[in-house]
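Peer 1: Take a look and give me a structure for this.
(one chain, ligands or ions: 2)
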Amino acid sequence: MVSVAANPSRQFSPHSRVAVLLPLPLAGLYDYLTGVESLQAGDFVAVPLGRREVIGVVWGEATGGVAEAKLKPVIRRLSCPPLPAISRKFIDWVAGYTIAPPGAVLRMAMSVPQALEPVRDLVACRAAVVLPEIKLTEARRRVLRVAGDLPPLLPADLAREAGVGPAVVKGLLEAGALEPVPMAPPPPFASPDPDHPGPSLSPGQQAAADHLRQAVAGGFSVSVIDGVTGSGKTEVYFEAIAAGLAAGRQSLVLLPEIALSAQWLERFRRRFGVEPAQWHSELSDAKRRDTWRAVAAGTAKVVVGARSALFLPYKELGLLIVDEEHDAGFKQDDGVAYHARDMAVVRGQLGGCPVVLASATPSMETVANIASGRYTRLHLPDRHAGAALPTMDLIDLRRDPPPRGFWLSPLLVKAVEDTLAAGEQAMLFLNRRGYAPLTLCRKCGHRLQCPHCTAWLVEHRGAGRMVCHHCGHHVRPPTKCPQCEAEDSFAACGPGVERIAEEAAHRFPNARIGVMASDTVTGPQQAADFVRRVAEHEIDLLIGTQIVAKGYHFPLLTLVGVVDADLGLDGGDLRAGERTHQLLCQVAGRAGRAERPGRVLLQTFQPAHPVMVALTSGGRDDFIEAEAEARRLAGMPPYGRLAALIVSGPEAGAVDDFARKLARAAPSLEGFQVIGPAPAPLALLRGRHRRRFLIKVRRDVALHGPLRAWLAAVPAPSAIRVQVDVDPYGF
Ligand code: ADP
Ligand code: ZN
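Peer 2: Ligands and ions are numbered 1, 2, ... in the order given. You can find the predicted model right below:
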């Protein structure tokens, strides 16, 4: 399964050949001459590639594909520590499993080129006295203004701050208008204190924590904390982190929405006295660089991050935790298609360290691994401090419909009124951003569609825009129908959170309403602020999409109303039932987490659906058993394996031609079924036409070998892309 083999300790003497892996999306290994220095596997090196200089990693023996006379020498070795052998093995493994070029995986591990330069080579710039003979362009003036206002910055950071190209800064340095100053070393990451007092655990929590402490002392294992919402799973895995800290090793916690996890960070600080190192897309470049280095040096002891934190170069990782392990946010679909939970287990195995998965609604994959004895289940059946689980009831929309043009049924309206009258908080949940998902012309029926995608434009009334949720394309709402030219004929169909907020303002005129969706609450700061306003009861009625479902703890929140519980059940997604069940359990878990009991009302047109029955009669185990049985019979994951191939290109005809060619070359093997080509779920995305093959393989039949051979046999023309997705989601 491994496509290139990283050799852990190999030395390469001067004037020999080595293979270097470059962090480029399509790259494999390139051979170079070592030059005068000796090199070892894992060394970061600068090498020539065409006219460019690229930083890569010495991977192993030369591949030998190029004649010696044509080989170029390595330019220099960087003085940073080498990429650890386990990181290299992990990159190889991920590349092999996902059938991605290893260079694309290395790119995820090397997201911070500046981190590789030695500290003493990092030079910051400070404004110097400007000599009269220096010509000052507008761009130069901007740089000098920024340099005067801010503490010394690296040239690249200074250029970005000033909004100019790097050459402008370089020119000013050469002219002496900026002077170099040594970069101050970054402040070290404070060490979390494992002996900082934590809460005293309940007997159930204690038993689970004891198990984890033992696991941390051993090698690879996978434990699953399966505990209802509010059972205190976080406090339990904090004990595992404490044990890891006491043993002097690093821990990684993966969260699905790290940028929105202010409450989680606050709890960590309470337990360990300081904040952990963080890793996510909202970090500044400087922070990113410091964190990358501190992880490599082993001084960042606990890292909490999004899925990409898996690829950091840990010096001595001793524990991996995946919180909300069922969350689909751990699956990356584009670029290297990988599932961070599954790759965390692989990383634990390669590094010989324990893995902890936590969830109130474990994924079917994890359930199957518990059943087969590969994973150990730690069960927390009760909420902390005796808080009761919320009661869940259905509102049958066929019998109790909202008035025409409204979305909240009389029963739900009454429940919200009662809750607010009691001085408590309520939440209305609808997993749909914007005002309305569909806008159509009342005269001719024309629907407003994205020109680049097979998708409707979603009205965002607050922003005054019609937006494609797939490619971001947006336009002003048209005043005239582009088809029949009728004026003001457009009607909004169906609700999004904005429309629910409008209805709520009308129904509950005295309530203070707050809307939380990924387009209204965009960064960590806004999220933290919103959460604070709810926690301090500046908001009575909270309206949100799935980002409110995640992990928050609001003691006064006692009612959750799910506006459309059926949303997500339709469509051909294998996991539709599972995911709807998980999401609704998660949302319901926000209600009644403290002394006051919670109540959940689910508006549905399908009260007899197994998901609704499972939610309201507490039959989670029955639901899982039925779901497992259906998947087993159909040979679907986790009992069979699935891969998807998406063939895409700008011209539909060429895409179809190539897809047919692929189909003709498909392997015909027992237990290896190729379905398609068929239009992909988004048959047009960002202007590319997409066709899909699904490959369904029995558990006991090899997937990777035949798949790789098939793809290699039919090379794609340059305009066509073939994306491989092993264990795809959304199908
Ligand atoms: P989960 O992650 O299982 O939903 P949390 O870990 O968020 O549950 O815990 C729910 C609430 O109970 C949090 O406010 C947490 O601080 C509190 N809590 C959990 N365990 C304890 C404990 N042993 N002592 C005091 N408070 C606790
Ligand atoms: Zn689009």
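Peer 1: Name the residue of the stretch 601-731 of the chain that lies nearest to ligand 1.
Peer 2: The nearest approach of the stretch 601-731 of the chain to ligand 1 comes at Arg620, 15.0 Å away (C-beta to the nearest ligand atom). Just so you know, the C-beta spots here come from the backbone N, C-alpha and C atoms, and that holds for glycine as well.
Peer 1: what residues are up against the closest residue in space to that residue that isn't next to it in sequence?
Peer 2: Spatial nearest neighbour of Arg620, excluding adjacent residues (C-beta to C-beta, 6 or more residues apart in numbering): Ala614 at 6.0 Å. By C-beta atoms under 8 Å, 6 or more residues apart in numbering, the contact set of Ala614 is 581, 620, 622-623.
Peer 1: and the gap between Ala614 and ligand 2?
Peer 2: Note on Ala614: its distance to ligand 2, by C-beta to the ion, to the nearest Å, is 35 Å.
Peer 1: Does that residue fall in a helix, a strand, or a coil region?
Peer 2: helix (DSSP: H, G, I helix; E, B strand; the rest coil).
Peer 1: Close to ligand 2: what parts of the stretch 301-450 of the chain are there?
Peer 2: Counting by C-beta under 5 Å from the ion, the stretch 301-450 of the chain comes close to ligand 2 at Cys450.
Peer 1: Do a quick rundown of the helices in the stretch 401-550 of the chain.
Peer 2: Counting by DSSP state H, counting those that start in this stretch, residue ranges of the helices within the stretch 401-550 of the chain are 410-421, 497-507, 524-535.
Peer 1: which helices and strands does the shortest one pack with?
Peer 2: Read that as helix 497-507. Identification of packing neighbours for helix 497-507 by 3 or more C-beta pairs under 8 Å, 6 or more residues apart in numbering; DSSP states H and E yields helix 410-421, strand 513-516, strand 541-544.
Peer 1: Same list, the ones you listed, but as TSV with mean neighbour count and mean pLDDT please.
Peer 2: Below are these laid out as TSV (neighbours: other C-beta atoms under 10 Å; pLDDT from 0 to 100):
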stretch	mean neighbour count	mean pLDDT
helix 410-421	17	97
strand 513-516	21	93
strand 541-544	26	95
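Peer 1: Tell me which of the ones you listed lies nearest to ligand 1.
Peer 2: strand 541-544 (17.6 Å).
Peer 1: Could you check how far the residue nearest to Arg620 is from Cys585?
Peer 2: 9 Å (C-beta to C-beta, to the nearest Å).
Peer 1: which residues do those two both contact?
Peer 2: Common contact partners of Ala614 and Cys585 (C-beta under 8 Å, 6+ apart): Arg620.
Peer 1: which residues are in contact with the longest strand anywhere in the chain?
Peer 2: For the chain, the longest strand by residue count, based on DSSP state E, is strand 672-685. Counting contacts by C-beta under 8 Å, 6+ apart, the residues outside strand 672-685 that touch it are 452-455, 470-471, 571-572, 645-648, 656, 659-660, 662-663, 666-667, 689-698, 701, 703, 706, 730-731.
Peer 1: Same question for stretch 455-467.
Peer 2: Here stretch 455-467 has contacts from 433-439, 447-450, 468-470, 473-478, 492, 496, 498-499, 519-520, 682, using C-beta under 8 Å, 6+ apart.
Peer 1: okay, now the domains of this structure?
Peer 2: 22-110, 122-183, 203-380, 391-435+495-633, 438-493, 641-726 (the TED database).
Peer 1: Point out the most buried one among the ones you listed.
Peer 2: Neighbour counts (mean count of other C-beta atoms under 10 Å) averaged over each of the domains of the chain peak at domain 203-380, with a mean of 21.
Peer 1: From the opening residue of it to its closing one, how far?
Peer 2: The straight-line separation of the ends of domain 203-380 (C-alpha to C-alpha, to the nearest Å) is 10 Å.
Peer 1: can you check stretch 60-69 too?
Peer 2: Counting by C-alpha to C-alpha: the opening and closing residues of stretch 60-69 are 20 Å apart.
Peer 1: Just list what the helix or strand containing Leu158 packs against, helices and strands only.
Peer 2: Secondary structure from DSSP states H and E places Leu158 in helix 155-162. On a contact count with 3+ C-beta pairs under 8 Å, 6+ apart, helix 155-162 meets strand 123-127, helix 138-149, helix 166-175, helix 285-297.
Peer 1: Let's have the ones you listed in a markdown table, adding distance to ligand 1 and mean pLDDT.
Peer 2: What follows is the helices and strands packed on helix 155-162, written out as a markdown table (distance: least, C-beta to the nearest ligand atom, whole Å; pLDDT from 0 to 100):
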| stretch | distance to ligand 1 | mean pLDDT |
| --- | --- | --- |
| strand 123-127 | 42 | 65 |
| helix 138-149 | 42 | 86 |
| helix 166-175 | 45 | 85 |
| helix 285-297 | 25 | 86 |
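Peer 1: Flag every residue of this protein that's near ligand 1.
Peer 2: 199, 201-202, 205, 227, 229-235, 384, 553 (C-beta under 6 Å from any ligand atom).
Peer 1: Redo those as a markdown table? Include pLDDT and secondary structure.
Peer 2: Output for these, formatted as a markdown table (pLDDT from 0 to 100; DSSP: H, G, I helix; E, B strand; the rest coil):
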| residue | pLDDT | secondary structure |
| --- | --- | --- |
| Pro199 | 90 | coil |
| Leu201 | 94 | coil |
| Ser202 | 94 | coil |
| Gln205 | 96 | helix |
| Gly227 | 94 | strand |
| Thr229 | 86 | coil |
| Gly230 | 87 | coil |
| Ser231 | 92 | coil |
| Gly232 | 93 | coil |
| Lys233 | 95 | helix |
| Thr234 | 95 | helix |
| Glu235 | 95 | helix |
| His384 | 86 | helix |
| His553 | 83 | coil |
